[in-house]
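[1] Sequence and predicted structure below; questions after.
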Amino acid sequence: AQSVTQLDSHVSVSEGTPVLLRCNYSSSYSPSLFWYVQHPNKGLQLLLKYTSAATLVKGINGFEAEFKKSETSFHLTKPSAHMSDAAEYFCVVSLFSWAGGADGLTFGKGTHLIIQP
Amino acid sequence: DSGVTQTPKHLITATGQRVTLRCSPRSGDLSVYWYQQSLDQGLQFLIQYYNGEERAKGNILERFSAQQFPDLHSELNLSSLELGDSALYFCASSEAGLVSEELFFGEGSRLTVL
């Protein structure tokens, strides 16, 4: 079984300050891990993904995430927040398996990122 | 723009009715997924198709059905609608339906059941 927990439902930061969105997962197998972003009234868009290559993954718009197997975490960070980063962020885990397609994806509940001017 | 097109964007209907949501995947993508997003349940996987065949089922109710046509577009049919079916329904597509692939999401169809 697999699950994903986003530790904060809301995170508020000031523009220009660092962003940290926390995600912990549980998976019996080697997971693929993703972060997706959803802007208001839009569909989800992939920020970055980890699929057993480098543990530090760089994504779009200056975001990056580090896979830490010992801590079963995949936290998302950005050095300096911008107003346009205000959105909902989803951490996603999937089994790395040929048994199925992305039906194995499990979405976290989401973290709402608020950027204060 | 993800390349995935969903229609209609908004739909208001009454309990007991039936609606059809349509999805055109990104050009070249063979796999289509349907998700339901609501405030209390979050994002729930409903069903996946690959090249016209059902690949996997998630938390899809028996009142709901879907299919993927030879031209790869997909339709999600919701019948005997209940108030609790009000939600945002997303379609996503990917190239081959593998777990490591990026999903490309449409902007969703917002269903309101009154």
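    Happy to help now that I have it.

[2] So what pairs up with the residue nearest the centre of chain B in the strands?
    Chain B has B:Trp34 as the residue nearest its centroid, 3.1 Å off, counting by C-alpha atoms, centre = their mean. Beta bridges link B:Trp34 to B:Ile47, B:Cys91, judged by DSSP bridges.

[3] quick one: pLDDT of it?
    pLDDT, B:Trp34: 95.

[4] Identify the residues contacting it.
    B:23, B:45-48, B:60, B:66, B:74, B:76, B:89-92 (C-beta atoms under 8 Å, 6 or more residues apart in numbering or on different chains). In short, each C-beta sits where N, CA and C put it, glycine included.

[5] who touches the strand or helix carrying A:Leu48?
    Using DSSP states H and E, A:Leu48 sits in strand A:44-50. Strand A:44-50 is touched from outside by A:32-39, A:57-61, A:63-65, A:67, A:74, A:76, A:89-90, B:2, B:43, B:90, B:92, B:100, B:102-103, B:105, with contacts defined as C-beta under 8 Å, 6+ apart.

[6] Narrow the residues you listed to those in strands?
    A:32-38, A:57-58, A:64-65, A:67, A:74, A:76, A:89-90, B:43, B:90, B:92, B:105 (DSSP state E).

[7] Those residues, buried ones only, as a PyMOL selection?
    Restricted to buried positions by 16 or more other C-beta atoms under 10 Å in any protein chain shown, the PyMOL selection for the ones in strands among the contacts of strand A:44-50 reads:
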select buried, (chain A and resi 32+33+34+35+36+37+38+57+64+65+67+74+76+89+90) or (chain B and resi 43+90+92+105)
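
[8] where in chain A is pLDDT low?
    Residue ranges of chain A with pLDDT under 70: A:1, A:28, A:95-104.
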